[in-house]
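Visitor: give me a model of this one.
(chains A and B)
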2 protein chains.
Amino acid sequence: MGSSERVYTACLIIIGNEILSGRTKDQNLAFIGVRLNERGIRLREVRVIPDVMETIVETVNESRPKFDYVFTTGGIGPTHDDITADSIARAFGVENTLNDEAYQLLLGHYGSREKINDARIRMAHTPAGAQLIHNPVSLAPGFQMENVFVMAGVPRIMQVMFDGLGDRLVGGTPLKSRAIDARLPEGVIAKGLGEVQARFAAVDIGSYPYFRDGRSGCTLVLRGADETLLDQAAEEVRALVRSAGGDPSDEVVSS
Amino acid sequence: MGSSERVYTACLIIIGNEILSGRTKDQNLAFIGVRLNERGIRLREVRVIPDVMETIVETVNESRPKFDYVFTTGGIGPTHDDITADSIARAFGVENTLNDEAYQLLLGHYGSREKINDARIRMAHTPAGAQLIHNPVSLAPGFQMENVFVMAGVPRIMQVMFDGLGDRLVGGTPLKSRAIDARLPEGVIAKGLGEVQARFAAVDIGSYPYFRDGRSGCTLVLRGADETLLDQAAEEVRALVRSAGGDPSDEVVSS
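Guide: This next block holds a predicted model:
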C-alpha cells in the first residue's frame, strides 16, 4: 500500500436499549467489521446508544463528518420504540415522510391501503431524499441519507441489507492478516515483539492475550496491505516465539 | 422509583483493534451491562475504539464528565500495543509512573527485580494517584483514576476485576424486567403496544424483533423499578398478544 493511498473509514452506531442492558448480545459488529475490511474500509469506531432521539441525532451528527461511512443498526420497525427514521430525519433537518417506493412495496405485499395498518405504514416512511436499502427477507426497508446507511437490527436482515449495498460502498485496498498462536504469556515475548514492530512500520502487530485452562497465552495478529512484508514479519514473529521456547501455530482467520 | 431518585449512569470504552476488525467478538459489554443493572447503574453508552492514544485520550475525556462511571477494557498488558495506562495518564495530565503496590505484587511473584523483564515492569505502571484494581487470576492489575475504571480485556480477568470493585461502585434502585415472547410479527401489535406504553409512563417497553425458521416474531421487554406496575403492564401486554391471536410465553431473563 502506498502511503499516499486514500484510507476509507467507517463508524457503526448500534441503536438499542436491549444491547446496553446486556440482554441481547450484538452480532452485527463482527459481521460489519469483517465485511468492511474485505471492501477496504476500516471500521474506526462503534458506538452503542439507547433508543433516545436526542442521543441518536447527536451521535449521527458527530459521526457523519468524521467518517466516510456511518452505519446504524436497529430501530426501524413498526413499534413505538422504533425512532431511528424520525431521528435521522431530524439529524438532517428534513421531514420523515412517506417514501413512495417503500409504500409500493407494502402495497404489493398487503394488496391495498386498507390492509396496511398505521403502525406498518410507519415502516414506509424515510427522511425526505433518502434512497432505500432493500430487504429481501422481510418487508421493511432500510435507507441511505448521504453517507449514513440505516439498517435493521435483526442480524439476518441487516446482513442481506449490507450485502445488497454493492457499489454504493467504495473502499481502498483491503488489509490482509496473519495470525499466530504463540501459546506463551505475552510478557515472555513482549520486548522482541516490539522490536519486530519497529522494523515493520507498514505492518500493524497486535498481541491478544487469552487465559485458557489456567494458562496465559496470546495470539499475535499482523495486519497490512503488502503480503510480502506481512509474510516477512510473520516469519520473524514465529522465530521469536520459537526462541522463547514456544511452538507457534498459524491460525486461520478470515481477515 | 420516585421520579426524584438519582439515576446513576455509566459508559464503557472497549479499546481494541481486534474487536473493530471483527476478528474477536466482544464478551465484556453484556457482562458489564447486566452487572451494572444489578447495582442500579445504567449503562448509557458503549464505544469501541482502536489502540490509538489520541483517540483513547479524547474518548475518555469526553466521557468522564458525562457519566458517573467510565469503564475501559483492554490494552493493559506488557506488549507495545498496550497503551491504555499511558493514555489514561495523558487524559488526566499526570505521569504514568511505577506504582509501588503493583511493583510489590510483581516482586512477590517473580522473587527479585532481576527476574522481572522490562516489558512486565510496564504492567506495574499506573497514572500517578491511581488506586489499583486487583487481578486474582493473573498478575497485572487494573486501576481506578477518579471515576474511570481501567480493566483487562480478557473476559475472565475483567470479570474478577469488576466483581472485586465492591463498594467502589455506588448505584440506585436496580431496574427489574419482564420479558414476553409474543411469537407474532411486531406490526400486528404495534398500535396496542404503543397504547400500553402511553398508560405506563414509569415502565419502559421495548419490542425486539427476531426472524427464526422463516417467521417474524418479537420479544417484548418491560423495564422499571416498580414491580407492581411492571406486573400490571405485563398483564396488559399478554392480553394484547392474545387478542391478536398470539400465545404469549414468558421468558426467563436475568435483568
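
Visitor: tell me the phi and psi of A:Leu107?
Guide: phi -60, psi -40 (degrees, to the nearest 10).

Visitor: so where's the longest helix in chain A?
Guide: helix A:227-243 (DSSP state H).

Visitor: what's the spacing between stretch A:140-153 and its chain's center?
Guide: The chain centre lies 13 Å from the centre of stretch A:140-153; the measure is C-alpha atoms, centre = their mean, to the nearest Å.

Visitor: and what of stretch A:227-242?
Guide: 29 Å.

Visitor: who touches that stretch?
Guide: By C-beta atoms under 8 Å, 6 or more residues apart in numbering or on different chains, the residues outside stretch A:227-242 that reach it are A:176-178, A:180, A:182, A:184, A:189, A:192-193, A:196, A:199-200, A:202-203, A:205, A:220, A:222-224, A:247-248. Just so you know, the C-beta spots here come from the backbone N, C-alpha and C atoms, and that holds for glycine as well.

Visitor: which residues in the stretch 1-150 of chain A form helices?
Guide: Applying DSSP state H, counting those that start in this stretch to the stretch 1-150 of chain A gives helices spanning A:17-20, A:28-38, A:53-63, A:84-92, A:100-110, A:118-122.

Visitor: ok, and which of the ones you listed has the densest surroundings?
Guide: Comparing those by mean neighbour count (mean count of other C-beta atoms under 10 Å in any protein chain shown), helix A:17-20 ranks first with a mean of 26.

Visitor: distance of the residue nearest to A:Leu230 when sequence neighbours are not counted relative to A:Thr59?
Guide: Excluding the flanking residues, the one nearest A:Leu230 by C-beta to C-beta, 6 or more residues apart in numbering or on different chains is A:Gly224, at 5.1 Å. Distance of A:Gly224 to A:Thr59, given as C-beta to C-beta, to the nearest Å: 31 Å.

Visitor: A:Asp82 too?
Guide: 17 Å.

Visitor: farthest from the middle of chain A: give me that residue.
Guide: Computed with C-alpha atoms, centre = their mean, the residue of chain A farthest from its C-alpha average is A:Glu114, at 38.5 Å.

Visitor: show the pLDDT at it.
Guide: At A:Glu114, the model reports a pLDDT of 86.

Visitor: test my guess that A:Val34 contacts B:Leu20.
Guide: No. Judged on C-beta atoms under 8 Å, A:Val34 makes no contact with B:Leu20 at a distance of 10.4 Å.

Visitor: where do the domain boundaries of chain A fall?
Guide: Taking automatic domain parsing as the domain assignment, the ranges for chain A are A:8-168, A:176-251.

Visitor: show me the beta-bridge partners of the residue nearest to A:Leu230.
Guide: On the basis of DSSP bridges, A:Gly224 is bridged to A:Lys176.

Visitor: you'd agree it is up against A:Ala201?
Guide: No. If you go by C-beta under 8 Å, A:Gly224 and A:Ala201 don't touch, sitting 9.7 Å apart.

Visitor: who has more neighbours out of the two?
Guide: Neighbour count, other C-beta atoms under 10 Å in any protein chain shown: between A:Gly224 and A:Ala201, A:Gly224 has more, with 21 against 10.

Visitor: thank you kindly, that will do.
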